[in-house]
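Q: can you look at this prediction? I've put the sequence above it.
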Amino acid sequence: METFKIIMMATLAVVMIISAVMAVLSKEMPLAILASGTISLLASIFFLVLASPDVAMTEAAIGAGLTTFLFFIILRKTEQNSHENKK
């Protein structure tokens, strides 16, 4: 059981690093936002594996859910504002 936990944590860490690189290097903003949300979601799973369900739920709700949602709303508003200024 302990080796499964170590393998799972290592896999989560590798996927989080890949998502972080994707978020930083992405030229498209929606892809960067989704990669950032993926990092938060994987962090919440990481906290759950570490037997900290309260921190995992908070990270999932705030980090993966609310922050990603707000980033998409802000992106939409800035794109609308950009189109209005071009007219």
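A: It's in. Numbers count the residues shown, from 1 in each chain.

Q: next helix or strand past the helix ranked longest in the chain?
A: Using DSSP state H to define each element, the chain has its longest helix at helix 2-25. Beyond helix 2-25 in the direction of the C-terminus, DSSP states H and E gives the next helix or strand as helix 29-49.

Q: tell me the pLDDT of the nearest residue to residue 24 once chain neighbours are set aside.
A: Using Cβ to Cβ, 6 or more residues apart in numbering and skipping the chain neighbours, the partner closest in space to residue 24 is residue 32 (7.8 Å). C-betas here are computed from N, CA, C, even on glycine. With respect to pLDDT, residue 32 scores 95.

Q: re earlier: chain center to the longest helix of the chain: distance?
A: Computed by Cα atoms, centre = their mean, to the nearest Å, the chain-centroid distance of helix 2-25 equals 12 Å.

Q: that one: which residues count as buried?
A: Counting neighbours by 16 or more other Cβ atoms under 10 Å, one finds that the buried residues in helix 2-25 are 16, 19, 22, 23.
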